[in-house]
Each structure stands twice: as structure tokens, then as C-alpha cells.
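Colleague: model this:
(one chain, ligands or ions: 1)
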Amino acid sequence: MLNDLLGWGSLFSFMSYGDAWRIRRRAFWQEFNAYRTLNHRPKQLDTSRDLLRRLLKEPEEFLHHIKYTLAAGVISVVYGFDVKPENDPNITRAEKALEQLNESAISGNFLVDILPVLRYVPSWMPGAGFKSYAKKARPETLDMFNAPYDEACSRIQTGNIDPSVISRILESGNYTSDRCADRDVVRDVASAAYAGGAETSHAVLSTFIAAMLLYPDVQAKGQREIDSYIGARLPNFDDLPHMPYVHAIMLEVLRWQAVLPLSVAHRLTMDDEYNGYYLPKHSTIFVNTWAILRDEEYYPDPDSFNPGRFLKDGKVDPKHKDLIVNFGYGRRTCPGRFFAMDSLWILLTSMLAVFDIKKAKNADGQEIDPNIQYLPGYTRHIKPFRCSITPRSPEAEKLIRDSDLM
Ligand code: HEM
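Modeller: Sure thing, here's the model as predicted:
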């Protein structure tokens, strides 16, 4: 359903292992490996400052601003242009397409995933409702891939664009925009970065807000570390190695509510055996990341939010540094993980530095106890909830206001 009928087949995350996947993965990795990811930090820093200003202005819309700013940030890195401050069509259409992806990625939601032969039945037949769903959804998916790419290409022609992932790939000379097959590679790399990056990171950051709300002591400890190391300025990437507790907060957010609890399904390319179970070729395998990250042997009292579990002798325990299972397995491991960790770190550290996250109050001034729940779906998204986000001091407010002068 996902690949063939909804049009997600050109996203290399969903491609079978083979040449088409390899070419795209290699081109992607050239832009997002640990070293090249450093190039993206200035834009990630801009995104973090943009989010602070938005939260200052409309704190009650925090979920929207997190989502919008992250999407805008990825577009700027990948395609090289700035979106409109609100209601940008690139973001609106991507949100819609990603919502549909989340619905249809749950195995069993559509009968055609279980009985592929159904794709040949006429659309009027009972059970063929997936066809009208696909008819509507497919153009939206394809638009999400094509429209920002086409816009970036026409801006490249006029020079009205920043250097970006796609401009660098095109300049590398390995792919040229006038060769159709190459055009597809560059477009697919860009859309994989957008689909992978915007969707997952905002889910993690929303969970961060919920965790700070539920665990005020953790929030205060993180803020003390920031205050003592950074003092009266906004964080930047040079600070990253110097604040182990804040780093551990990020790792605990990733562990506590795994954003892809069943990772991304893999298909066996040959017969296999696991713990005495025979697994035939072509079986679909889901890895239970959720359970791995709640294994009491490694994470005692796994339901509680405890960043301290990642520290050893006052430093981040190297064995946990990138919490790799969150990012998948084997040769398909998430190639955007370095970018993702940088992005999450600068965003959550900046928020902690200047804002207090507290319980919201009702009309009578009484605090509302947070009711944190998650929506069903393949990616774990939080249900909208209320909280109060206020500057920690007049100085903090000034830092935020002045941040667009830098
Ligand atoms: C916290 C954020 C993120 C999490 C938890 C995450 C997690 C994952 C997981 C579990 C997979 C599947 C791996 C597998 O099949 O074993 C994956 C694949 C992928 N991710 Fe991420 N990801 C995140 C952020 C990002 C970002 C920011 C990007 C882009 C810049 C990205 C791009 C991709 C791509 C392109 C794939 C497909 C790889 C392939 O099939 O070869 N991800 N990610």
C-alpha cells in the first residue's frame, strides 16, 4: 500500500536493498555523515533561535511551533530556501502526506498489505476502500517530493538560494539535474532527509517538554548545569561537550518514549534462524525497540525519567553515547542520526537555558495536572497537552529578543 499505491516507493527508507537504494544512501551519507553534518550546524543554530522567539511570542502554541520550526529548518538545510513564517504550502502538504504515512505504515491497517492481490480488484468492490484513499493520498505524497525540489531547482537557475544539500550534490558533478535518472536521485535524497528529519525530531522534542513538566527536579538540575557553564548567553555547539547532564537528558528523552517503537520493518533477503526459530526468506521483521529500551537489566526502573542512568564518573557513559537502537539496525541504521542528535541537543539546551516549563493554570489560577498520552500510529506522537512556558528572567527574555540581531 505504502510504496506502490501511496507513492512512497521512491523514498529510499522504504526501498529494498539493491542498486537504487545504494546510490541514494551513498549520496545521502556524503551530506549527513558525522563530519559533513558539522556544515549544517549554523542553520541548526538559526532554527533554535527562531524557535525561542516563537515560543516567547506564543508559548501556548508550543507544539505547533516545534513542528513548524523543525520542518522549516530541514527545508532550509536540504533545499536552501526559507519558507514563509506561517502556512507555507511546502510544510502544509508535507504534514498531510506524513500523516497519511503514519496511518498506513501500521501493518494491518489496510487489508491489501496482507492480501496484495486485492490491488487488482475494481474500486467499487467491498474491501477496496483503500483504492479511493490511495487515489486521494498519492498526489499529495508526490507533491511533497516534487514541489520543494522544483522550487529549489528554479531558484538555483536564478542564483536566488543558499548553498544546500541539493546544491552541493548537484555541484559535486556526480549527478546532473538534466539527466532524468540523476534528477530522481537528488530529489529522493532531499525528500528522504525531509521526511526522516522533520517527522521524528518534533516527536522527540514534544516528549522533552512533557518530561520537563513531569520531572521539575530534572529540569532544575539541567538549568543549573547550563547556568554554571554558559552564564548569560545563549548556548552554541561549542558548549556541547561540557554539559553531560543536559546531554543525558537528551538521551533519556530518546530512551523513555522511543519515537519509532517498532523501528522500520525489515524484510529477510534469505532464510535465517534466531534463537531456534526458523525465519523464512521474505519474512517481515519488526524489532521491538520499545522493549529493548525498557530492559530492566540495562535500564532499572525503566518507566521513570532518570538522565543519571547515562552518566558515569560525571561524564556521559561512552557506551550509551548515541543510543543507537533508537536509530535502527544493521546497514539500514538511520543515516541522519548525527544531524538528529545535533538538532535535538541545540534545541532542548536552548529551551532549558531561557525558559521555565511548568504546569499550566486554569481560569481560577489553579495548576492543571498534566495528562500525557500518546496517539496511535507508527511514529509515537504525543497528544496535545497544556503547559506554561515562560522566560526564566528578564535577562533571559532579552537574550531571546536580541537573538535575531546576531
Ligand atoms: C530522533 C530522530 C530520529 C530517529 C529516532 C530516527 C530513527 C530511524 C530509524 C529507526 C530508521 C530505520 C532504520 C532501520 O531500518 O533499521 C531510520 C531510517 C532513516 N532515517 Fe532516521 N531517525 C531520526 C532522524 C532522522 C533525520 C534527522 C534524518 C535526516 C536528516 C533521518 C533520515 C533517515 C533516513 C534517510 C532513513 C532510511 C535509511 C535507509 O533505509 O537506508 N532520520 N531512522
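
Colleague: ok, Phe145 touching Ser191?
Modeller: Yes. Between Phe145 and Ser191 there is a contact under CB atoms under 8 Å: 4.3 Å. The C-beta positions use only the backbone N, C-alpha and C, and glycine is treated the same way.

Colleague: Name the residues contacting each of these two.
Modeller: Residues touching both Phe145 and Ser191 (CB atoms under 8 Å, 6 or more residues apart in numbering) are 10-11.

Colleague: Number of residues surrounding the closest residue to the ligand within the stretch 1-150 of the chain?
Modeller: Residue nearest to the ligand within the stretch 1-150 of the chain: Ser13 (3.5 Å; CB to the nearest ligand atom). Other residues near Ser13 come to 19 when the count uses other CB atoms under 10 Å.

Colleague: Next, find the distance separating the closest residue to it other than its chain neighbours from the ligand.
Modeller: Nearest non-adjacent residue to Ser13, counting by CB to CB, 6 or more residues apart in numbering: Ala192, 5.9 Å away. Note on Ala192: its distance to the ligand, by CB to the nearest ligand atom, to the nearest Å, is 4 Å.

Colleague: Would you check that Ala192 makes contact with Phe14?
Modeller: No. With contact defined as CB under 8 Å, Ala192 and Phe14 do not form a contacting pair (9.4 Å).

Colleague: Comparing these two, which residue is more hemmed in?
Modeller: Taking neighbours as other CB under 10 Å, Ala192 and Phe14 compare with Ala192 leading, 25 against 17.

Colleague: quick one: that one and Ile169, what's the gap?
Modeller: Separation of Ala192 from Ile169 (CB to CB, to the nearest Å) stands at 12 Å.

Colleague: close enough to count as contact, Tyr149 and Ala190?
Modeller: Yes. Counting by CB under 8 Å, Tyr149 touches Ala190, with 5.7 Å between them.

Colleague: The two - which one has more neighbours?
Modeller: A side-by-side neighbour count of Tyr149 and Ala190, using other CB under 10 Å, places Ala190 first with 27 against 23.

Colleague: my read: that one touches Leu170, true?
Modeller: No. Between Ala190 and Leu170 there is no contact under CB under 8 Å: 10.6 Å.

Colleague: ok, back up a step: roughly how far is whatever helix or strand the residue nearest to Ser13 lives in from the heart of the chain?
Modeller: According to DSSP states H and E, Ala192 maps onto helix 180-214. Relative to its chain's centre, helix 180-214 lies at 4 Å (CA atoms, centre = their mean, to the nearest Å).

Colleague: Same question for stretch 237-244.
Modeller: That offset, for stretch 237-244, works out to 22 Å (CA atoms, centre = their mean).

Colleague: Quick check: end-to-end length of it?
Modeller: 13 Å (CA to CA, to the nearest Å).

Colleague: Buried residues in that stretch, which are they?
Modeller: 237, 239-240, 243-244 (16 or more other CB atoms under 10 Å).

Colleague: residues in contact with it?
Modeller: For stretch 237-244, contacts defined as CB under 8 Å, 6+ apart pick out 41, 44-45, 225-226, 229-230, 247, 311, 314-316, 342, 345-346, 349.

Colleague: out of the residues you listed, which are inside helices?
Modeller: The helices, defined by DSSP state H, take in 41, 44-45, 225-226, 229-230, 247, 342, 345-346, 349 from those.

Colleague: Can you turn the buried subset of those residues into a selection I can paste into PyMOL?
Modeller: PyMOL command restricting the ones in helices among the contacts of stretch 237-244 to the buried ones, with burial defined by 16+ other CB under 10 Å:
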select buried, resi 41+44+45+225+226+230+247+342+345+346+349
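
Colleague: Using JSON lines, lay out the ones in helices among the contacts of stretch 237-244 together with distance to the ligand.
Modeller: Shown next, in JSON lines, are the ones in helices among the contacts of stretch 237-244 (distance: CB to the nearest ligand atom, whole Å):
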{"residue": "Arg41", "distance to the ligand": "13"}
{"residue": "Gln44", "distance to the ligand": "10"}
{"residue": "Leu45", "distance to the ligand": "16"}
{"residue": "Glu225", "distance to the ligand": "22"}
{"residue": "Ile226", "distance to the ligand": "21"}
{"residue": "Tyr229", "distance to the ligand": "24"}
{"residue": "Ile230", "distance to the ligand": "24"}
{"residue": "His247", "distance to the ligand": "14"}
{"residue": "Asp342", "distance to the ligand": "9"}
{"residue": "Trp345", "distance to the ligand": "11"}
{"residue": "Ile346", "distance to the ligand": "13"}
{"residue": "Thr349", "distance to the ligand": "15"}
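
Colleague: just curious, which of the ones in helices among the contacts of stretch 237-244 is nearest to Asp364?
Modeller: Comparing those against Asp364 with CB to CB places Ile226 closest, at 33.5 Å.

Colleague: one step back: mutual contacts of Tyr149 and Ala190, please.
Modeller: 79, 166.

Colleague: Under the pLDDT cut-off, which ranges of the stretch 1-150 of the chain? List them.
Modeller: 1-7, 101-137 (pLDDT under 70).

Colleague: Tell me the residues of the stretch 101-250 of the chain that contact the ligand?
Modeller: When proximity is defined as CB under 6 Å from any ligand atom, the stretch 101-250 of the chain approaches the ligand at 192-193, 196-197, 200-201, 204.

Colleague: how about the residues you listed in TSV, adding pLDDT?
Modeller: Formatted as TSV, those follow (pLDDT from 0 to 100):
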residue	pLDDT
Ala192	89
Ala193	88
Gly196	83
Gly197	80
Thr200	90
Ser201	92
Val204	96
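
Colleague: In contact with the residue lying closest to Leu293 once chain neighbours are set aside, which residues?
Modeller: Nearest non-adjacent residue to Leu293, counting by CB to CB, 6+ apart: Arg255, 4.8 Å away. Counting by CB under 8 Å, 6+ apart, Arg255 touches 293, 299, 323, 326.

Colleague: Would you mind giving those as a markdown table with distance to the ligand, secondary structure and pLDDT added?
Modeller: Listed next are these as a markdown table, based on distance: CB to the nearest ligand atom, whole Å; DSSP: H, G, I helix; E, B strand; the rest coil; pLDDT from 0 to 100:
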| residue | distance to the ligand | secondary structure | pLDDT |
| --- | --- | --- | --- |
| Leu293 | 11 | coil | 94 |
| Tyr299 | 17 | coil | 93 |
| Leu323 | 9 | coil | 70 |
| Asn326 | 5 | helix | 91 |
